[in-house]
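Participant: Generate coordinates for the sequence data below:
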Amino acid sequence: MQKELQWFKEFESLVPECKGWVNHNGETPRQVFTRDHMNLLKEAQAWMKQTAKSYIIVGTLIITTMFAAAFSVPGGNNGNGFPIFAHKRLFLAYIMSDAISLFSASTSVLTFLGILTFRYTEDDFLKSLPTMLIIGILTLLISVATMSVAFCAAVSIMLRRRWWVIFSLVLLASMPVVVFLSSQSRLLFEILYSTYGPAIFNRKRCFIIEKILCITMEFTRKLMKRRK
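Facilitator: Next comes the predicted model:
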C-alpha cells in the first residue's frame, strides 16, 4: 500500500494539473485510486493490526519479567533492604540494563497500541504507520538486547570467577538477540528504505519521463474533451 501511494504522490508531483481532472464517471484521480485500492487497504490494515498484536505479546512478557527482576536483585538484600552486591560494578550494569529493557519494552508496547487505535486512512500508510512500526520494532530490539545484558550481569555477579560457565551462559543469552535480529532485520530494512530512502523517481534523472508523462496526459485530456 505504501509503494502504491508513493507512485501516486510522485505522479501528482510530476503532473500537478492532474488533480483537477475527472473521467467520464466524474471521478478525480484520487477517487479512482481509492476505489481501485480498497481491497489492498483492507489487507494492509489487517496485516498491520496482526503484526502489532504479535509484538505487543512479546513486549508485555518482557515488561513483566524485567519489572519483577528489578525487585529480586541477584544476591538479595541485607537487613536494611539494601542490595548485598550494590558495591559491584556489574550490579550497576544489571540495574541499568534492566531499566532500559523495561522502559524500551513499555515504549514498544505503547507504540503498537497506538497502531491498533490508528485511523488507517490511505495517507497514514505513507509515513505515519511505517514510522510507528519502525519505532516499535527498534525499541523492542533494544529491550531484548538489554534483557540479555541484565541476565549476563546477574549471572556474572552470582557465579563470580567461574568464567567457563559465565562464557557459556553469555553465548546462550545472545541467541534471542541474534534470532530476533535475523528474523526482523529484513522487514525493518525494507520499511526504513521505503519510508526514508530515495524517491521512486530521481528528479534530476526523470526530466525525459516527466516530459513524456505531460505529453501523454495532455493528449488524453484533449481526447476526453473531444468525446464529450
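
Participant: can you pull out the helices in this protein?
Facilitator: If DSSP state H is used as the criterion, the helices of the chain fall at 2-14, 29-36, 38-71, 89-116, 128-159, 163-196, 207-227.

Participant: Return the distance of the fourth one from the chain's centre.
Facilitator: Between the mean C-alpha point of helix 89-116 and the mean C-alpha point of its chain there is a distance of 16 Å (CA atoms, centre = their mean, to the nearest Å).

Participant: What's the mean pLDDT across it?
Facilitator: For helix 89-116, the mean pLDDT works out to 91.

Participant: Also the fifth one?
Facilitator: Across helix 128-159, pLDDT averages out at 88.

Participant: A46 versus N39, what's the distance?
Facilitator: 11 Å (CB to CB, to the nearest Å). In short, each C-beta sits where N, CA and C put it, glycine included.

Participant: quick one, which of these two is more surrounded?
Facilitator: Between N39 and A46, counted using other CB atoms under 10 Å, A46 has the larger neighbour count: 11 against 8.

Participant: Spatially nearest residue to the residue nearest the centre of the chain, not counting backbone neighbours?
Facilitator: Centroid-nearest residue in the chain: I134, 2.0 Å away (criterion: CA atoms, centre = their mean). Spatially, and ignoring its direct neighbours in sequence, I134 is nearest to I191 (5.6 Å; CB to CB, 6 or more residues apart in numbering).

Participant: what's the answer for S106, then?
Facilitator: Nearest non-adjacent residue to S106, counting by CB to CB, 6+ apart: I63, 5.9 Å away.

Participant: what sits against the one you found?
Facilitator: Shown in contact with I63 (CB atoms under 8 Å, 6 or more residues apart in numbering): 102, 105-106, 109.

Participant: thinking again about what came up before, just checking, the residue nearest to the centre of the chain touches L188?
Facilitator: Yes - counting by CB atoms under 8 Å, I134 does reach L188; the two are 6.8 Å apart.

Participant: anything in contact with each of those two?
Facilitator: By CB under 8 Å, 6+ apart, I134 and L188 have no common neighbours.

Participant: Could you measure from the residue nearest to the centre of the chain over to T28?
Facilitator: 32 Å.

Participant: What of Y94?
Facilitator: Per CB to CB, Y94 is found 60 Å from T28.

Participant: can you check L113 too?
Facilitator: 35 Å.

Participant: Now for this protein, the helix or strand with the poorest mean pLDDT.
Facilitator: When the helices and strands of the chain are scored by mean pLDDT, DSSP states H and E, helix 207-227 comes last with a mean of 56.
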